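[1] the sequence and its predicted three-dimensional model are supplied below.
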Amino acid sequence: MSIWESINTALKSIFANKMRSSLTMLGMVIGVCAVVLLVALGQGFQTSITNTFNNLGAYALYVSTSSDKTLTTVRPLTLDDATALTDKALAPAIGIVSPTINKTVTVQNGNNSDTVPATGILPIITQIKTYNIDMGRFITDQDVANRASVVVLGWQTEQDLFAGQDPSGQTVRVAGQKFQVVGSIQKLGGMTGDGYILMPLSTMQSKLVGGTNIQMIAVKAVSTDQVDNAIAEITSILNARHYIRPGATSDFTIRDMRETLNSMLSTLAGFSLFMGAVGAISLIVGGIGIMNIMLVSVTERTREIGIRKAIGAKRRDILLQFLIEAAALSLTGGLVGLALAMAAATGMGHVTIGQASVVPQISASIVIIALGVSIGTGLLSGTYPAFRAAQLDPIESLRHE
Amino acid sequence: MIELQNLSKIYDLGEVKVTGLDNVSFSCEAGEMVSIMGPSGSGKSTMMNILGCLDRPTSGTYLLDGDDVSKLSDDQLARVRNKKLGFVFQSYNLLPKIDALANVELPLIYSGQDHRHERARKALEAVGISNRARHLPPEMSGGEKQRVAIARALINDPVVILADEPTGNLDTTTSHSIMTLLTDLNKKGITIVIVTHEEDIAAYTQRTIHVRDGKITEDNVR
């Protein structure tokens, strides 16, 4: 008997028992659907984080004042520190230097108000972090030079204060002082959130915080392979400026976003694996369901097996028939589960997990693995019942009622 | 055609050994129609199982169509059953969920042959039941089912048709028509062995072998 005949025989038998077949498949449907959806969500989450980091400037270094309590003197970072880093002779590996100050403030437009982080920036920040202008314009060098009282609104802040109308030219109060809105930024998405305002660094210093201290300096190396050199240059320049003796602990820290990204991604990969494992348990349960039904089916069809053997079916023919039946059942279950998972993923659109907006991603590799695993489960759980069927004695089987 | 030489079958049930057949010898020529009779427990079922290559003798030889089949493996026996034997059972033994035509085709599938539909149709015509080709067995009468079973037995041009109480589940009229069909097939040259415990049925055959306690007690040619 050829393999095609075996497949044909197995399929006929599946169709002849529709109710039993569909119940058998159910376990597989649920298992595959769960695994595919969970993995798709995990991958979507991963993409969301990667995008966020790219927006933030994943390859940027963030220099900030150390919070180490054992240090006796801590000199805050200043604008001059930032300017010193732009020295091309001392710091050839450093490309962009973008100092910032942060403060949480209340922004008001008439009766609408929002408490948001305000960031004092230089326009050069756009070379490290992506800001797409929604309406109006971004902050200019002119604004910085003039200490202009201007702000740019994040997407959410713009929605909250102006409900989608063009805010440029309008006046808002930031911590009670009048500012002119010059523009707004498009939705960033990802995990950062869109409730914030931006203003010139100089304005922030003079009107909201006072002094020349800054909180953070974002630095971008000239190229990705120069990141380690850039770290060394920042350390030596700032150590000199802060009078740190050789070997002593610096009073500032340099955060390498690559490390943060990598550790987040590996945490997430572990999490995805865990989710996949939870889904895999339902696959195992589905497999046991198939084995159970196949065993019942062998007993129920003992007479059929006897008839087939009497008219010339070899052991191999019976073995194949039952194996293929199990594999076909679980493959079909897998396909249905996959279709359901795809429909569910499309139906979800994007899911909000915390601040992150996640779009489930069904990749070719999940599809192949899910179907492979479902056929594998079918074959595995079909082996024992098929073996039992093939071993049946034709005389006994023919007597079976 | 069929030749049994000093054939014995002993069932080993652990503590006791039960003799199914005790040193039986007999032969049957091509074109013969033979009936085997005996009370239950006489060994006629054992004989049928061995003749049908469903079981192997403990000792002795069984020559079928000139070949010794007494020591073949399970798969080799399956091949012999497929190619050289046709079975007709008391309870028909058709697969209930496929139609008559598909039932008749089954042996051809297991031997991987072509033109299955045409051949199955011809076999159904030969037993006078081609009008029921597309019906499922549960939709047919006992007589019709037995005709389909005979068509299935004929499909691979077997050396011998083995019929085990072929009329056991049928009324007298239908029994008669089935026996007439078997007799007609025999007249066309097909060898037939029938196991029965009814004298009327045995009367259709030219030769009757009586079995008792695993031995042949009578061998009468009419």
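    Cool, the structure landed. Note that the structure is predicted; figures quoted are calculated from it, not measured. Numbers count the residues shown, from 1 in each chain, chains lettered A, B, ... in the order given.

[2] tell me how many other residues surround A:G211.
    11 (other CB atoms under 10 Å in any protein chain shown). Just so you know, the C-beta spots here come from the backbone N, C-alpha and C atoms, and that holds for glycine as well.

[3] which SS class is it?
    Here A:G211 takes the coil state, with states given by DSSP: H, G, I helix; E, B strand; the rest coil.

[4] can you get me a residue count around residue 29?
    Went with chain A since none was named. A:V29, neighbours per other CB under 10 Å, totals 24.

[5] try again with chain B
    So B:E29, with other CB under 10 Å, has 11 neighbours.

[6] that one contacts B:E3, correct?
    No: with contacts counted by CB atoms under 8 Å, B:E29 stays clear of B:E3, the gap being 9.6 Å.

[7] B:N6 belongs to a strand?
    Yes: membership of B:N6 in a strand is supported by three-state DSSP.

[8] on the three-state scheme, the closest residue to it other than its chain neighbours is what?
    Nearest non-adjacent residue to B:N6, counting by CB to CB, 6 or more residues apart in numbering or on different chains: B:G60, 4.3 Å away. For B:G60, the assignment made with three-state DSSP gives strand.

[9] now do B:C53
    coil.

[10] does it touch B:V80 like I think?
    Yes: contact status for B:C53 versus B:V80: in contact at 4.9 Å, counting by CB under 8 Å.

[11] neighbour count winner among these two?
    Using other CB under 10 Å, the more surrounded residue of B:C53 and B:V80 is B:C53, with 26 against 19.

[12] how about the contacts made by the residue nearest to B:N6?
    Contacts for B:G60 (CB atoms under 8 Å, 6 or more residues apart in numbering or on different chains) come out as B:4-8, B:23-25, B:70.

[13] show me what the top helix by length along chain A is packed up against.
    Using DSSP state H to assign secondary structure, the helix with the most residues in chain A is helix A:257-300. Packing partners of helix A:257-300 (3 or more CB pairs under 8 Å, 6 or more residues apart in numbering or on different chains; DSSP states H and E): helix A:18-56, strand A:60-65, helix A:315-348, helix A:364-391.

[14] can you tell me the SS state at the residue lying closest to A:N213 once chain neighbours are set aside?
    Of all residues not flanking A:N213 in the chain, A:P76 sits nearest, at 4.3 Å (CB to CB, 6+ apart). The three-state assignment at A:P76 reads coil, by three-state DSSP.

[15] check A:I237 and give its pLDDT.
    pLDDT recorded at A:I237 is 93.

[16] again, but for A:T100
    93.

[17] and what of the one 4 residues further on?
    Taken from the predicted model, the pLDDT recorded for A:T104 is 92.

[18] kindly report the same for A:A390.
    93.

[19] check B:K71 too.
    87.

[20] got the contact list for it?
    B:R56.

[21] doesn't it fall inside a helix?
    No: judged by three-state DSSP, B:K71 forms no part of a helix; its state is coil.

[22] that one and chain A, how far apart?
    18 Å (CB to the nearest CB, to the nearest Å).

[23] for that residue, give me phi and psi.
    phi -120, psi 20 (degrees, to the nearest 10).

[24] which one is the residue in chain A positioned nearest to chain B nearest to, not counting chain neighbours?
    Using CB to the nearest CB, the closest approach of chain A to chain B is made by A:G312 at 2.4 Å. Nearest residue to A:G312, sequence neighbours excluded (CB to CB, 6+ apart): B:N82, at 2.4 Å.
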